[in-house]
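Peer 1: have a look at this fold, sequence not included:
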């Protein structure tokens, strides 16, 4: 059984903080099943946007896991915002979570990241 998006995002934010990182919910989406987009910033100013992975990324794995794919990387925050605006026009109920990872890498915090 898959947990609600609200619960999953709350757990992610707590896990990031307990790891020594920083996380903030920039936009709350649908409580039950909103798509999650993650904006990851590193200390060098590079910003990477991750979104839900395609269904083919799940293969034979557990369908209740959340998987992410890298959508774009840039040092231009406006380019990332433009892509997120496009995603919001397609689906208004998305979640946007901004993360600066601590000791663990982002892939360790969110489970799996497909490139």
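Peer 2: Yes, it's here. Predicted model only: the values in this text are computed from it and were never measured.
Peer 1: tell me how far residue 80 lies from residue 36.
Peer 2: 15 Å (CB to CB, to the nearest Å). C-beta here means a position set from N, CA and C on the backbone, and glycine is covered the same way.
Peer 1: return the helix or strand in the protein with minimum mean pLDDT.
Peer 2: In the chain, no helix or strand scores lower on mean pLDDT, DSSP states H and E than strand 112-114, which sits at a mean of 60.
Peer 1: can you tell me the closest non-neighbouring residue to the residue nearest the centre of the chain?
Peer 2: Residue closest to the mean C-alpha point of the chain, counted by CA atoms, centre = their mean, is residue 38 at 2.5 Å. Residue nearest to residue 38 in three dimensions, not counting chain neighbours: residue 50, with 4.4 Å by CB to CB, 6 or more residues apart in numbering.
Peer 1: who does that neighbour bridge with?
Peer 2: residue 38, residue 70 (DSSP bridges).
Peer 1: got it, and residue 23?
Peer 2: Applying DSSP bridges, one finds that residue 23 bridges with residue 99.
Peer 1: tell me where this structure has strands.
Peer 2: 22-27, 36-41, 47-52, 67-74, 95-100, 112-114 (DSSP state E).
Peer 1: and the ones you listed, which is most packed in?
Peer 2: Comparing those by mean neighbour count (mean count of other CB atoms under 10 Å), strand 36-41 ranks first with a mean of 21.
Peer 1: now do that one, average pLDDT.
Peer 2: In this model, strand 36-41 has a mean pLDDT of 92.
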